[in-house]
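Trainee: Here is a sequence together with a model predicted from it:
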Number of protein chains: 2
Amino acid sequence: MSEGSNTGLAAQVEAIAKAARMASFEMAVLPTATKNAILERIGALCVERKEKILEANRIDLEAGEKAGLSAPMLDRLKLDDRRIDQMVEGLHQVAGLPDPVGEEIERMSPPRGLDIRRIRVPIGVIGIIYESRPNVTIDCAALCLKSGNAAILRGGKEAFHTNTALAAIIGDALVESGVPAAAVSLIPTTDREALKVLLGLDAYVHCIIPRGGEGLIRFVVENSRIPVIKHYQGVCSIYVDKEAEVTKAVAILCNAKCQRPGVCNAVENLFIHRNAVDMHLPVIAKRLVAKKVELRVDAALLPTFKDWGIPCKEATDQDFFTEFLGLVIAIKPVDSVSEVVRMINHYGSGHSDAIVTENRETAETFLRGVDSATVYWNASTRFTDGFEFGMGAEIGISTDRLHARGPMGLRELCSYKYIIYGKGEVR
Amino acid sequence: MSEGSNTGLAAQVEAIAKAARMASFEMAVLPTATKNAILERIGALCVERKEKILEANRIDLEAGEKAGLSAPMLDRLKLDDRRIDQMVEGLHQVAGLPDPVGEEIERMSPPRGLDIRRIRVPIGVIGIIYESRPNVTIDCAALCLKSGNAAILRGGKEAFHTNTALAAIIGDALVESGVPAAAVSLIPTTDREALKVLLGLDAYVHCIIPRGGEGLIRFVVENSRIPVIKHYQGVCSIYVDKEAEVTKAVAILCNAKCQRPGVCNAVENLFIHRNAVDMHLPVIAKRLVAKKVELRVDAALLPTFKDWGIPCKEATDQDFFTEFLGLVIAIKPVDSVSEVVRMINHYGSGHSDAIVTENRETAETFLRGVDSATVYWNASTRFTDGFEFGMGAEIGISTDRLHARGPMGLRELCSYKYIIYGKGEVR
């Protein structure tokens, strides 16, 4: 930060953060109806200015093509009528969710009878660091607004023009409602130095949520003085116990592996009790192969698979740490539920894991011992999702343990405070 | 970390953190009775080995005297029979508190009728960084143990021998109960490089709680990759409204300023509505002066104080940001409750603030608008305390907004997980 231009950049980012903090005080006491009206107005402006948004998006797409972005990257970047409609529908849904701010979470029972209540309040200022999907701009702004937070958005350079067009819409909708535009700011540069400056401003910003690949998350964690809530990958496992019902095991594994293999709550590892191998594994493996899943099996099982004539590869140790994001599953036999608990705590990412068994005691040992955000007994890991949990839209699925774990909805974007109603009490 | 000795140090700290993480899996499922037995056993060993503890403490005290530590520093460092008894009583109290682990926090109402429960679980591994008080070793270990966490303790160099003696007792009590000693580790060096290494080990340590002065907290925040829960100072304010009852105002102010002026929930600033100045301020000010409180008043009030013949000094702007930790109070007039909300959000530290008024609407504006962990209507700020809130012993009072805010008891040392009981459900 010794050069003149960097000092200017630092001052600019600091001014944004400071203004966001000031705006956050207003956001915290904004009536629900005003917040909902702003959300609906953003939606209306997205429709009204659709051509402008698509034009900005075309600039980004052309630059991306020139820069040689991959087809999936370009697809993530692209907006069209359908995707804009989805953004508008998302805004409408968030407007329809209950306002978490002001909810009484708990009434305390203090020894001296004071009337103490724990009340939900916004966190304050939230920084969202994301990559190429421009819809994140609208989705995250909506969730932050509804939960009474100010948001500082820092999108990827690929989507810069699109994000700028969307941020202008949000700013206009805010100002029309008498709320400072600083309640939702887009950092007007994708310079990494600007991001570093932002990550140091713990006097104004209370929480950083990075949404993106491991490289981005690592950069943020390494450079942030502000607490970061990470949304890392999902290395999810399913354990088929010796007392599993095979029809449930097959249905759950096929669903968790094949229904949408590219998502974080898809299963990557199958652990199976040694006593269940002969009875259940051929059925399960054949069904997975029929669904075009590649099996990577522990060396100990290779001869067995050969006997059965089921195609497979040998799994490396690294395979059990890997989020395949595709039709691949790693398979390993275990001797007990305690062993599988140790395995999952070793290989997994603490996201979502399931046991298939009819034995309640075995299930309870698994559910208590596996140290993951979400643990399932006889259900698919695919249910880890804000909507499926009844939270509504989520900002992500936290693989962290402080503040929020698992799906993060509106309530998880809140902090709390204690309000004490006295009659002149002193100590 | 390029030199041989530093590499050795880094490896040693990493080994401690890794062992703590392994131990945390056992701690997470330890029965309540075992945890309580360990706590009582630590207490018994403190009594049994009292002479050993006091001997270690004498070594620290002598070194401290030679190093020229101040009298208050030496007093904080000193253990004696009474202080050891207090530690033992503290252990007994924590053993008596309900076990937070496994509590059902919430039963979800998901749209598809899955049985989803949010259950309290330990955070995992907690690093406590503290200064010269050796009782913190026992107090923090007790709270971490009871909440099922593994703890890594890093005390100040002044108390090194005392802390080592106490950590040995904790280790013995753990091992006697079949729990790995690594469940509570003391970093065996007070080298700052070792602390830096610890603060980088986010693969094993989930949360850092620094307890100490601003310098220590800043060092920790600047060097940590692990989320930090800060316990900063308390710059607390009381607002006397134009509709205040003066007897309540006097009682609350005298209590909040004078009962124990050196603590974080003591009041530092008095804001008063301009229309209440003539009516209430002379009574309040005289009573504070009678209690030997130094008044630092806003320039606008100086002539008034001169007319009244009440001694005072002129307050600087900095005074309103200051935790005096003594019998000093800064006084400023305001024109409205909205102005005082802005003032407190500007000058305060987000700890504890109070309004004295008989007007409910004014009170609600204050309680909603002041962005502090604890806000009071007609009660003293001195109540911000884990015991007074009915939480039992506290590890500190968080001035942060993520995860825990205000007094942090056993429940605030926990995270949660979702347990889903299925019948074979798939998506």
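Mentor: Happy to help now that I have it.
Trainee: Every contact and neighbour count from this point should use C-alpha atoms.
Mentor: Noted.
Trainee: domain ranges for chain A?
Mentor: A:4-230+A:408-420, A:236-387 (automatic domain parsing).
Trainee: possible to save the ones you listed as JSON lines with distance to chain B, mean neighbour count and mean pLDDT?
Mentor: Formatted as JSON lines, these follow (distance: least, CA to the nearest CA, whole Å; neighbours: other CA atoms under 10 Å in any protein chain shown; pLDDT from 0 to 100):
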{"stretch": "domain A:4-230+A:408-420", "distance to chain B": "4", "mean neighbour count": "20", "mean pLDDT": "96"}
{"stretch": "domain A:236-387", "distance to chain B": "5", "mean neighbour count": "21", "mean pLDDT": "97"}
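Trainee: Including distance to B:Glu48, could those domains go into TSV?
Mentor: Output for the domains of chain A, formatted as TSV (distance: least, CA to CA, whole Å):
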stretch	distance to B:Glu48
domain A:4-230+A:408-420	33
domain A:236-387	36
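Trainee: Compare those domains and give me the one nearest B:Ser398.
Mentor: domain A:4-230+A:408-420 (11.1 Å; CA to CA).
Trainee: where exactly do the helices run in chain A?
Mentor: Remark: helices assigned in chain A by DSSP state H are A:4-28, A:32-48, A:50-66, A:71-77, A:81-96, A:135-146, A:160-176, A:192-199, A:214-223, A:246-258, A:274-290, A:302-308, A:337-347, A:360-369.
Trainee: quick revisit: looking at the domains of chain A, which is closest to B:Val29?
Mentor: domain A:236-387 (6.7 Å).
Trainee: now that closest one: how far from the chain's centre is it?
Mentor: Mean C-alpha position of domain A:236-387 versus that of the full chain (CA atoms, centre = their mean, to the nearest Å) differs by 23 Å.
Trainee: How about stretch A:190-197?
Mentor: 23 Å.
Trainee: For the helices of chain A, give me a markdown table that also has distance to B:Asp75.
Mentor: Output for the helices of chain A, formatted as a markdown table (distance: least, CA to CA, whole Å):
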| stretch | distance to B:Asp75 |
| --- | --- |
| helix A:4-28 | 41 |
| helix A:32-48 | 53 |
| helix A:50-66 | 65 |
| helix A:71-77 | 62 |
| helix A:81-96 | 56 |
| helix A:135-146 | 48 |
| helix A:160-176 | 56 |
| helix A:192-199 | 39 |
| helix A:214-223 | 39 |
| helix A:246-258 | 61 |
| helix A:274-290 | 62 |
| helix A:302-308 | 68 |
| helix A:337-347 | 45 |
| helix A:360-369 | 44 |
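Trainee: Figure out which of the ones you listed is closest to B:Ser185.
Mentor: Ranked by CA to CA, the member of the helices of chain A that lies closest to B:Ser185 is helix A:337-347, at 21.4 Å.
Trainee: the inter-axis angle of that closest one versus helix B:4-28?
Mentor: 140 degrees (axes from the mean of the first three to the mean of the last three CA atoms, to 10 degrees).
Trainee: quick one: the closest residue to A:Val340 other than its chain neighbours and A:Ala276, what's the gap?
Mentor: Nearest non-adjacent residue to A:Val340, counting by CA to CA, 6 or more residues apart in numbering or on different chains: A:Val334, 6.3 Å away. For A:Val334, the distance to A:Ala276 (CA to CA, to the nearest Å) stands at 10 Å.
Trainee: next one: A:Lys332
Mentor: Distance from A:Lys332 to A:Ala276, by CA to CA: 12 Å.
Trainee: same check, this time on A:Leu69
Mentor: In terms of CA to CA, A:Leu69 sits 47 Å off from A:Ala276.
Trainee: number of nearby residues for the residue in the stretch 301-427 of chain A positioned nearest to chain B?
Mentor: Relative to chain B, the nearest point of the stretch 301-427 of chain A is A:His403 (3.6 Å; CA to the nearest CA). The tally of other residues near A:His403 (other CA atoms under 10 Å in any protein chain shown) stands at 21.
Trainee: Skip the chain neighbours and tell me the closest residue to it.
Mentor: B:His403 (3.6 Å).
Trainee: got the contact list for the one you found?
Mentor: Applying CA atoms under 8 Å, 6 or more residues apart in numbering or on different chains to B:His403 gives the contacts A:Leu402, A:His403, A:Ala404, A:Ser415, B:Glu412.
Trainee: Backbone dihedrals for it, please?
Mentor: In terms of degrees, to the nearest 10, the main-chain angles of B:His403 are phi 70, psi -70.
Trainee: Find me the pLDDT at it, would you?
Mentor: For B:His403, the pLDDT comes out at 97.
Trainee: which strand is the longest one in chain A?
Mentor: strand A:414-425 (DSSP state E).
Trainee: Alpha carbons only: can I get that strand in PDB?
Mentor: What follows is strand A:414-425 as a C-alpha-only set of coordinates in PDB (Å, rounded to 0.1, in the frame of the first residue of the first chain):
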ATOM      1  CA  CYS A 414     -28.300 -12.800  11.900                       C
ATOM      2  CA  SER A 415     -26.600 -12.200  15.300                       C
ATOM      3  CA  TYR A 416     -28.500 -11.500  18.500                       C
ATOM      4  CA  LYS A 417     -28.600  -9.100  21.300                       C
ATOM      5  CA  TYR A 418     -29.900  -9.100  24.900                       C
ATOM      6  CA  ILE A 419     -32.700  -6.700  25.800                       C
ATOM      7  CA  ILE A 420     -33.200  -6.200  29.600                       C
ATOM      8  CA  TYR A 421     -36.400  -4.600  30.800                       C
ATOM      9  CA  GLY A 422     -35.800  -3.200  34.300                       C
ATOM     10  CA  LYS A 423     -37.600  -1.300  37.000                       C
ATOM     11  CA  GLY A 424     -34.600   0.500  38.400                       C
ATOM     12  CA  GLU A 425     -32.600  -2.600  39.300                       C
END
